[in-house]
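1. How does the following fold in three dimensions:
(chains A and B)
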Amino acid sequence: MRTIFFILQKEFNQIKRNLFMLQLMIILPVVQLIVLANAATMDIKNINLAIVDRDVSTLSRQLISKFEGSPFFTITYRDFSEKEALNQILINEADAVIVIPENFQKKLIKNDKAKLQFSVNAINGMSAGITNYYIQSIILDFNKKIISDWKMPSSELKNMKSINVKFQHWYNKELIFNIFMVPGILVVLVTIMGMFLPGLNLVREKEIGTIEQINVTPIKKYQFILGKLIPFLIISFIELTLGLLVGIPLFSVPVVGSFLVLYGAALVYLFAVLGFGLLLSTFANTQQQLMFLAFFVLIIYILMSGIFTPTESMPDWGKAINAINPIYYFMNAIRMIILKGAGFYDIRSQIFPLLIYGIIVFSLAIFRYRKTAV
Amino acid sequence: MLNNRDIVINVKNLTKKFGDFIANDNLNFEVYKGEIFGFLGANGAGKTTAMKIICGLSLPTSGELTVAGYNIYKQQDKIKANIGYMSQKFSLYEDLTVFENIRFYAGIYGLSLKIILRRADDLIKKLGMENMRNTLVRSLPLGWRQKLAFSIAIIHKPQIVFLDEPTGGVDPITRRQFWDLIYDAANEGITVFVTTHYMDEAEYCDRVSIMVEGRIEALGSPQELKSQFDVQDMNSVFIKLARG
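-> Numbering: from 1, shown residues only, chains lettered A, B, ... in the order given. The predicted structure is shown next:
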C-alpha cells in the first residue's frame, strides 16, 4: 500500500508539471462534445428541393406551395429544365427533384389520376429514406385534400371510418437527436482519454528508459500498473463530470436516472477501458506504435458500439464482435440510465460483462508487463 | 587476501544468445564483498548484456547465478531489494525535482518516511546540492545528474550497486568526484560492479575483467594484469587483448 502511495505521488507530480497537457485533456473533450452533439445530427431539417413545373396550373402551384410551406424543404431551383434540375443533384445543390409533367391538372380532373415524378439523391441511404418519406407524406396530404374537396361532401367525410395510428415516443418524446447523442458522445470522449492516456504514459517510460530503473526495484507488477491506472481513472471521472455539467444544461438532456448509478457504471467501465489501454501498452515499445494500435481498436469499437446505428440490426458476426466491445455495453447502459432512469438491476446485463472484461484485461496487462526480459 | 572474503556475485557458465548471435559465451567469475569490480570491454563486447542478467533485467539462456546470496531464477524479488542499479541511459525523472526523485525511489524500496527525509537531507548535503533541492532534474548539468543518479541508486543501502558506464560524457573533474563517491560507497561495505571503457578508471578498481567478443579474456587486479601482459598501463593490456 505504501509503495502505491509513493507511485501515485510521483504520477500526480508529473501530471501537475505538464499543465498544458492537463488542460488539453480536460478542455478539449468538452469542446468536442459541444461541437459534435450539434453537428452529428440525423435530424433532417433542410431538404433542398429542385422543382420542374411543366404544367403551371392552379393545382401544380398548390402542390408546390405545400412544399414551400413545409419547414423541411427549401426550394433551391424552380425552372423548366429537368436536365438542369438533375444536374443540381449532381453538384449537391439539391437533395431531390420533383417533376410535374404537362397536363398534370387536366389529367387529374379528367382521369382522376395523374403521374408525377420525384428523384432523390440516395448517396446516404438513411437520409434518402427520410427525404422520400417526407415528400410522399406531403403528396399524400395533397391527394387527400383533393379528394375531400372534389369528391366528398363533408358529412360523408366525417362518417368515413378509418384507423388512425398515433405514435407515442417514450423516453425521448420529441425525438430530439441531441438527447440521444450527448450521452453517446460523452462515452466516446472518455473512452478515447481512458484508452490513450495511461498507455501512453507507460510507453513513455519505456521510451525514456526510466522503466528499466523501476524494473530493477522490488516493486510489484500490480503496484506499477495500478499506479498508472488510478490517476487517469480520476482524470477520466473529472472529464465525465465536466461533460455532464456542460452537456446536460446546454442540450436540455432530461436526466431521469440517478447519478449514483451513472457513476457506478462509469467506474466499472473506465476500469475496463483503462485496463485495455494498459494491456495494449504492453505490446508497444513506442508511443507511435501504441497510438496506431489503439486507434485501430477504437475505431472498430466506436463505430460498432451503437452510437449512430442500432446494433440490433447488425449481422451475427457484428453482434459477436460487440460481445467483446466494452463501448457497446456502456453506450447502452448510459442511455438507459440517463434517458430511461434505469437502476443497477436494470443494467446488470451491461455491468457484469464490463466487470468481467475489466478483470480480464487488467490481469492480462499485469501478466504481460515484464520486469525481466527473456 | 581477497579470496577469504564473502562471495556476493557468483556466475557459472553464463551464456546469453540472441538468435544465432552469442552475446555472452560461457562466463565464469566471482565478485567479493566490498570490492570495486571493473567490468571492461570494447563497445559491443557484451558487458551491458551480462550486467542486465545479473541485475535481473534479463534472463540468461543458460548458466547458474547467485547474486547477494539469492538465485536469479527463483528469488528475483529478494535480489532486487538488495541491489542498486544505474543504467547507461539516464533514468531519473526529468520532470521531477531532486527531492521528489529521491523520495520516490527511496519510497518504492520501502523505506519509512522518517528515514527517507533523513537520507534525502544527508544525500543532498553530501553532494552539495542544498540550493538545488527543489530544482527539476531536467535543468541540472550532466555531471550533477550522474552524481545524483548514483546516490539514489544506493539510497536503500544495497549490498551491491551496478553502474553501467556511469561516467560517459562527463568532464574529468566530475569523473574524479564521481569516483570519490564510488570509494565512499565501497568503504561503507557496498560492493561496486562497474562497466567502463575508460582504461584510467580501470586502474581505480580492485579487480577487473576484460571482455572480448562475449568472452572474459582476462581477470585479476590491475597490477596482476599489467605484469601478466608485461606492460605499463591498463590501456596497453586492453589493446593487446583486443588485437588478440
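2. What parts of chain B come near chain A?
-> B:52, B:55-59, B:76-77, B:80-81, B:83, B:85, B:87, B:89-96, B:100, B:103-105, B:107-110, B:136 (Cβ under 8 Å from any Cβ of the partner chain). Yep, even glycine has a C-beta here, placed from its N, CA and C like the rest.
3. other SSEs contacting the top helix by length along chain B?
-> Assignment by DSSP state H gives helix B:172-187 as the longest helix of chain B. The elements that helix B:172-187 packs onto, with contact taken as 3 or more Cβ pairs under 8 Å, 6 or more residues apart in numbering or on different chains; DSSP states H and E, are strand B:36-41, helix B:142-153, strand B:191-196.
4. Selecting buried members of the residues of chain B next to chain A in PyMOL, what would you type?
-> Entered in PyMOL, the line below selects the buried ones among those, by 16 or more other Cβ atoms under 10 Å in any protein chain shown:
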select buried, chain B and resi 52+55+56+57+58+59+76+80+81+83+85+87+90+91+92+93+94+95+96+100+103+104+105+107+108+109+136
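5. Quick check: chain neighbours aside, which residue is closest to whatever residue of chain B ends up closest to chain A?
-> Nearest residue of chain B to chain A (Cβ to the nearest Cβ) works out as residue B:107 at 3.0 Å. Nearest non-adjacent residue to residue B:107, counting by Cβ to Cβ, 6 or more residues apart in numbering or on different chains: residue A:6, 3.0 Å away.
6. same thing with residue B:192?
-> Closest to residue B:192 by Cβ to Cβ, 6+ apart is residue B:36, at 4.5 Å.
7. ok, now residue B:226?
-> Spatial nearest neighbour of residue B:226, chain neighbours left out: residue B:237 (6.2 Å); criterion: Cβ to Cβ, 6+ apart.
8. any idea of the mean pLDDT for whichever strand or helix holds that neighbour?
-> Using DSSP states H and E, residue B:237 falls within helix B:234-243. What helix B:234-243 shows for mean pLDDT is 86.
9. Please enumerate residues in contact with it?
-> B:40, B:42, B:199-200, B:202-203, B:208, B:210, B:212, B:217-218, B:222, B:225-226, B:229, B:231 (Cβ atoms under 8 Å, 6 or more residues apart in numbering or on different chains).
10. What is the neighbour count of residue A:317?
-> By other Cβ atoms under 10 Å in any protein chain shown, the residues close to residue A:317 number 8.
11. in what helix or strand does it lie?
-> helix A:316-322.
12. Run through the residues that contact the residue lying closest to residue B:220 once chain neighbours are set aside.
-> Distances taken as Cβ to Cβ, 6+ apart place residue B:207 nearest to residue B:220, at 6.3 Å, with adjacent residues excluded. Neighbour list for residue B:207: B:2, B:35, B:36, B:37, B:38, B:219, B:220, B:221 [criterion: Cβ under 8 Å, 6+ apart].
13. Now, of these, which are buried?
-> B:35, B:36, B:37, B:38, B:219.
14. out of those, what pair is the most spread apart?
-> Across those, no pair lies farther apart than B:36 and B:219, at 14.3 Å, counting by Cβ to Cβ.
15. is it fair to say residue A:309 lies in a helix?
-> No. Assessed with DSSP: H, G, I helix; E, B strand; the rest coil, residue A:309 is coil; it does not lie in a helix.
16. Compute the number of surrounding residues for it.
-> Counted with other Cβ under 10 Å, residue A:309 comes out at 14.
17. Return the nearest residue of chain A with respect to chain B.
-> Counting by Cβ to the nearest Cβ, chain A gets nearest chain B through residue A:6, at 3.0 Å.
18. And for the helix or strand containing that residue, what's in contact with it?
-> Element membership for residue A:6 (DSSP H and E) is helix A:2-17. Helix A:2-17 has contacts (Cβ under 8 Å, 6+ apart) with A:21-22, A:201, A:219-220, A:223-224, A:226-228, A:230-231, A:235, B:93, B:95-96, B:100, B:103-104, B:107-108, B:110, B:136.
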